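A.B. asks: Here you go, sequence then predicted model.
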Amino acid sequence: MTQDPRDTPYEPAEQAGLATFAQAWARAVVDTSYVSMTYAEIEKLLHQLAGRIAAALRGPSPAAVSAAAYEVGTRLVAADLDSPETLGHTVAVIADRLLSDLGLTGADLGTRLSRVLEGLATGYARARFGRTLDAQETLRRAATVVLEDAEHKLREHEARFRHQATHDPLTGLPNRTLVGEWLDEVFASPAPGARIGLCLIDLDGFKAVNDSRGHDIGDQLLVGVAERLRQVVADSGHLLARFGGDEFLILAEGTTCPDDAAKVADRALAALGDPVCVDGRRLSVSASIGVVEGRVDTSNARDLLRSADITLYWAKADGKARWALFDPDRSAQDVARYRLAAAMPAAIDRNEFRLDYQPLVDLATETVCGVEALARWHHPRHGTLTPKDFIDIAEDTGLIVPLGRRLLRQACRQAARWQQAPMPPFVSVNLSVRQIRSPGLVADVAAILDDNRLPPERLHLEITESTAMGTDPETVATLRGLADLGVRLAIDDFGTGYSSLAYLRTLPVHELKLAAGFTWSLGLSTPAADDEAIVATLVSLGRTLGLTVVAEGIESRTQARRVRDLGCHVGQGWHLGLPQPPERVTALLTAAGRQRFL
Amino acid sequence: MGRPSWAPEGVDTDRPSLARMHDYALGGAHNFAVDRRLYEQLISLMPDLAAHARADRAFMRRALQFCVAAGVRQFLDLGSGIPTRGNVHEVVQRAAPDSRVMYVDIDPVAVAHSREILAGNDRARVTQADIREPERILTHPDVCKLLDLDQPVAVLMVSVLHFVMEDPAGIVAAFRDATAPGSYLVVSTITSDARQDRMAAGQEVVAQQGGLLTALRSRAEVERLLAGFDLVEPGLVWAHEWRPDPPEGSAADLDQPFILSCLGRRT
C-alpha cells in the first residue's frame, strides 16, 4: 500500500496524534466487519484514511472536507469495513476524539467536523448501496446461469430420452413408436388424393440363424440388413424403420399407384440379394415383403399396418423370398377364415358339429347297405356349414384331431343304434391326414368300437388317395393297425390323385370310391366314351384286387344303371339319398322304407 | 433420491442456501430473502451468531496466513460457499500472489456465483462437487490442472464437517492420504459440547426450513478425525482463541463459543 503525499501531516506532534487516533479507530471497528486483513493492516489503512481527513481539515475549504470524508467512506466499504456497526463506531470515534487527537482548534471546527461526518456517512452509504446492487446483480446472473444450465440439461435429457424411446438401439433405426407417429401425422390431415405405400419386410429363416449361430451373429446380421435397406431408401425420401424382431418397414409417401410401392419392394429384395458379411462369414439372406399402397384419405394407420401384416403372411405362404401386394378380396376371405378358426374351439365344446348321413346303396339289391357320415357345423350366425367351409381350417389349426375323434365317436354310437334295425348299415367316416398321423389313433378307434360294442366291420374309414399313398412307415403301420382291428378302409375320391398300383396292392384297403368326376357324364344321354372306359377300367382294377367299388355322384337313374352295368358294387349320390339326420335314415333301413332306384 | 440424474442439485433459489446465509452473516448482499429469513430466525435463538461467524472466518484467515508463511502455495477449499469477502484467494494471494486456490462446493448456484466473482483470476478456480466423494474431487481435471498434489497443499474444511453425517473420518483420511507430507488441514466445526439447548433449537429451525442436517460432534469426536496430523499450537481450540490477532485479544469478547478450530500438519 503506497502512501499518498497529500495524506502526510507536516508536524511530528500531529503525526503522533494521527497515529493515536488511527489506533483508537482500529480498536473501535475491529470485528465489526469481516475483513481479510490482519489487525496491523487495518490499522495501517485507517491511519492513511485519517491522514486524508486531517489534511482536508487543515485546508480552507469546507467542501473539500466533505469530499475527502466522502472518499474515506467509500474506501472503508471497498476494504470490506462495511457493516452498519463499523459506520456507527467510526462516527462515534471521529466525533469523540478526532479533533482532540489531532490537536486541532478553531472557530468553525464544529461545522467542519459535521462536514466530515456528513461526507463519510454519505460516501459510506453510497458505496455500500452500490456494492449491494452489484452483489444482487452477480447473484442474479449466477442464478440465471444455473437455471439455464439446468434447463439446457433438461432439454438435452429430453431429446436423448426421446431418441431412445423412438429408436432401436441395435440398428439406430426409428422404431415402431416413431412409425406410429409418422403414420399419425400422415393420416392427420391428408391432402386430397394423397397416397402412401408401405413395405413390411421380414427376413426369411432368421430364427434359424439366431438358433444355430447365436444371438450375437443374429444381431450383427440385422445390423447388416439395416445397412442394406438404408441404401435402398437413401435419397428417396422414404422412411426406414426397424419394426421389431427381424421386421423392417419402409414408408413411401406420395406414391401414385401400387406399382410404385412394388418397385420399392423389388429394390429391397435386390439389396438383400448378396450375402451379408457377418463376423468374417457370408450369410445368405432373403426376405418376404408385404406391400400395401393406397389413398390416405380413405384409410387409417391401423388398417394399413394390418393389411401389410396380412400381405406379408401371404408372401411367406406363397413361398418366401418375394413380395406380395395387398388384395382386399383375398383379405376378406382370410378374415372370414380367421373368424371361423377362432370360433371353432368353442363351437366344438357347444356341440355345434353334428353328423348327417348319406345312404350308400347296394346296386345289386337296391338296399341301403351303409351310410357316409358327413360333418355339419350348425353355426349360430352362418347357418349350416359343410366340410368344404371348415375342414381346411380345422386341418390348419390342428383342431381336426379332437373334432375328428368326437365325430368318430358320435358316428359309432349311431352305428351301434342301427344294429337293431332290420337292415343294419355300416357307417363310413372320413379320416384326415392329421388324424392318421396323430399318435394313438388305432387305440382310439379300438376304444370307441369297444365302448359302443360295434362290430369292427361296421365301421369304414375313408382316407384320400394321397394319404393312402403316403409311404412313411408310421402311416402304413397305422393303416395296418386299423385293418387289424377289423375296420374296413376305403380310398376316397380314387382316381383324382396319383396311385402306385403296385403299392396299392400291398395296402390293407378294402374299398375304392370313384370320384364323382368320372361318373358325371354317365348321366348324359350319350356319355363320354372315355369316362365309360375309365370307370370300367377302375372297376376291373378294383375287382382284380378284391376291392369293393363305390361310385360317387349318382344323381340320376340313368347314372345308377350305367355304373351298375359297368360293375360298380355300391352307389352314392343325390339320386340314392341326400345327406340327412340320423332319425330320417333310420326309416330307410326298414323294408317299408325301401325304394326303387334303378 | 427422487432427483433425476440430469437435474443439478439445489438449483431451487426459493430454498435457503447455506452459502448465501453465510454471506449474509458476514455482511454480504449476495443472498435472497429466503436466506435472510432463515438467518434471522437463527439470530433470534443466537443473537451473537454473526460474531461467531466472523470469528470462524477470522480463524481461517489467520490459519491461511500461517500456511503461506510456512511456504504453502496451494489451497483446496472444500465447502467454500461464495468467495465474496475476505475469502481464501484474497487472503493468500495478497500474501503470496502466486498462490493457487481451488474452491469446491456442492451448491451449483454458489459455484456459478463463485465463477462470476473469480472471472479474470486464473489462479483461483471453482468446481461443483461433494466433499463426501473425495476420489472425484482429487481426480477432477480442474483440480489436477490447478493443484500439484505432490507438493504441499492446505486443505480447508472450514465449517463444513458438521454437515457431513457419515464417515467424516474416512473423508478426512482420504484427503490426508492424497496430499504430500507437509500439507496442512484447516478445520473448524461446530461442537455439540456447547450451547446444547440452543443448538438443538437451531437445528430444528434449519431442518424445518431447508433440511440442512447438522452432525454436531464432541471435542473428543473431532479430535479422532484428525489422526495423522500434528496440530499446530495451540491445537484444537475455540476459533477466536487460535493465534488471535491482535495478540492482546479482540474488541468483541465471545461469550460461550461453540466453534472448534485447529490447523493440522500432515506427518
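C.D. replies: That came through, no problem.

A.B. asks: Residue B:52 against residue B:254, yeah?
C.D. replies: Yes: with contact defined as CB atoms under 8 Å, residue B:52 reaches residue B:254; the gap is 6.6 Å. C-beta here means a position set from N, CA and C on the backbone, and glycine is covered the same way.

A.B. asks: for the chain, what are the low-confidence residue spans?
C.D. replies: This is for chain A. When residues are selected by pLDDT under 70, those of chain A lie in A:1-10, A:471.

A.B. asks: my bad, chain B
C.D. replies: Short version for chain B, where the test is pLDDT under 70: B:1-13, B:208-213, B:247-253.

A.B. asks: Show me the strands in it, by range?
C.D. replies: With strands called from DSSP state E, chain B shows them at B:74-78, B:100-105, B:124-128, B:154-158, B:184-190, B:229-231, B:237-238, B:259-266.

A.B. asks: secondary structure class for the residue nearest to residue A:296 when sequence neighbours are not counted?
C.D. replies: Nearest residue to residue A:296, sequence neighbours excluded (CB to CB, 6 or more residues apart in numbering or on different chains): residue A:190, at 3.8 Å. Of the three states, residue A:190 takes coil under DSSP: H, G, I helix; E, B strand; the rest coil.

A.B. asks: dump the residue contacts of residue A:190.
C.D. replies: Contacts for residue A:190 (CB atoms under 8 Å, 6 or more residues apart in numbering or on different chains) come out as A:295-297.

A.B. asks: Which helix or strand lies directly C-terminal to the host helix or strand of residue A:20?
C.D. replies: Here residue A:20, judged by DSSP states H and E, is contained in helix A:12-29. Toward the C-terminal end, the helix or strand that comes next after helix A:12-29 (DSSP H and E) is helix A:39-58.

A.B. asks: Go ahead and name everything in contact with that next one.
C.D. replies: A:1, A:3-4, A:6-9, A:14, A:18-19, A:21-23, A:25-26, A:29-30, A:35, A:37, A:64-65, A:67-69, A:71-72, A:75-76, A:79, A:81, A:94, A:98, A:102, A:104, A:109, A:112, A:116, A:120, B:245-246.

A.B. asks: Which part of chain A gets nearest to chain B, residue-wise?
C.D. replies: Per CB to the nearest CB, residue A:36 is where chain A lies closest to chain B, at 3.2 Å.

A.B. asks: ok, and the closest non-adjacent residue to that residue?
C.D. replies: Spatial nearest neighbour of residue A:36, excluding adjacent residues (CB to CB, 6+ apart): residue B:86 at 3.2 Å.

A.B. asks: Okay, buried residues for stretch A:71-81 please.
C.D. replies: A:71-77, A:79-81 (16 or more other CB atoms under 10 Å in any protein chain shown).

A.B. asks: And stretch A:189-209, by the same measure?
C.D. replies: A:195-206, A:209.

A.B. asks: Please flag which of those sit within strands.
C.D. replies: Per DSSP E, the subset of the buried residues of stretch A:189-209 in strands is A:195-203.

A.B. asks: would you list these in a markdown table and tack on distance to chain B?
C.D. replies: As requested, these are exported to a markdown table (distance: CB to the nearest CB, whole Å):
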| residue | distance to chain B |
| --- | --- |
| A:195 | 43 |
| A:196 | 38 |
| A:197 | 40 |
| A:198 | 37 |
| A:199 | 38 |
| A:200 | 37 |
| A:201 | 37 |
| A:202 | 38 |
| A:203 | 37 |
